[in-house]
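**Q** Build the 3D model from these lines:
(chains A, B, C and D)
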2 protein chains.
Amino acid sequence: MNANNTENLSEISQPVLKRTLDIICGKWRLYIIFQLSKQDYRYGELRRMIPEVSEKVLIQELKTLVSLGVLQKRSYNEVPPRVEYGLTPKAREILPVLKEIATIGKTFLDV
Amino acid sequence: MNANNTENLSEISQPVLKRTLDIICGKWRLYIIFQLSKQDYRYGELRRMIPEVSEKVLIQELKTLVSLGVLQKRSYNEVPPRVEYGLTPKAREILPVLKEIATIGKTFLDV
DNA sequence: TGAGTTACATACCAAAAGGTTAGTGAATTC
DNA sequence: GAATTCACTAACCTTTTGGTATGTAACTCA
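**A** Just a heads-up that it's a prediction; the model follows:
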């Protein structure tokens, strides 16, 4: 019971928590990350892998994830354009944690 | 590269993922859970601990978390009313995972 | 010339999430 | 009899999120 008890969950700072939620909340964000954990994909490929997402939203989410530092984007100067998305090293760091996320839902689904 | 490769993140089922996001998304949900990880609190105490949240939203979130099986509510027949909230055993099970999740933001904050 | 390809942008709209404000019931204290 | 306490409810409004539909640039190929 000391002052810098890192076990105390309520000590997690608000900015850290907010950034965390930025990354995992948002309807397709985790899905995108999970797909890209296997290999890099082009924009069009991702669209076809997650058919329920709309064009606009997918681009929006990709943009956000790039700006958060989760994804990196590579554009080739070709016509028609070619753009590939992949996970950043930081994103790879947190993959094991993201994987654990699924255990939360599992615990609460079998009531 | 076999069929039941549990390492493959993209294999996480949509219902499980959805339930997970139900629990951790929502602006104050994790905050509430973290506060209650220390001890049970009354509604009014929680309000004072998270002053930025509005009355309505706090009650809303508490209700949702109860219905998800994360919190349990005990009302005492007193006047003025006394209502206490606490984590369910299932919520205690997933506390370590929640804690890890909350640290994701840290990785992406120090750029 | 004109259709196809690809990765976007833009205008617009609907639904969901979050927030403000005011009110309620019932005993207790002034 | 009036004010206080506490845990809510209800009406209403604003902001954010998600979605549709359409347009565009620039080159290739028929």
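
**Q** any low-confidence regions in chain A?
**A** Across chain A, the ranges flagged by pLDDT under 70 are A:1-10, A:110-111.

**Q** Over to the residue in chain A positioned nearest to DNA strand C. Which of the three states is it?
**A** When scored by C-beta to the nearest atom of the strand, chain A has A:G44 as its residue closest to DNA strand C, at 2.7 Å. C-beta: built from backbone N, CA, C; applies to glycine. Following DSSP: H, G, I helix; E, B strand; the rest coil, we place A:G44 in the helix state.

**Q** mind listing the strands for chain A?
**A** Ranges of strands in chain A, per DSSP state E, are A:41-42, A:71-76, A:82-87.

**Q** relative orientation of the second one and strand A:82-87 in degrees?
**A** Interaxial angle of strand A:71-76 relative to strand A:82-87 (axes from the mean of the first three to the mean of the last three C-alpha atoms, to 10 degrees): 160 degrees.

**Q** The residue of chain A closest to DNA strand C: how many residues sit nearby?
**A** Neighbour count of A:G44, defined by other C-beta atoms under 10 Å in any protein chain shown: 13.

**Q** And it, how close does it get to A:Q35?
**A** Applying C-beta to C-beta, to the nearest Å, the value for A:G44 to A:Q35 is 13 Å.

**Q** can you redo the strands of chain A as TSV with mean neighbour count and distance to DNA strand D?
**A** Converted to TSV, the strands of chain A look like this (neighbours: other C-beta atoms under 10 Å in any protein chain shown; distance: least, C-beta to the nearest atom of the strand, whole Å):
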stretch	mean neighbour count	distance to DNA strand D
strand A:41-42	16	15
strand A:71-76	14	12
strand A:82-87	17	12
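
**Q** Using a markdown table, lay out these together with distance to DNA strand C.
**A** Shown next, in a markdown table, are the strands of chain A (distance: least, C-beta to the nearest atom of the strand, whole Å):
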| stretch | distance to DNA strand C |
| --- | --- |
| strand A:41-42 | 4 |
| strand A:71-76 | 7 |
| strand A:82-87 | 4 |
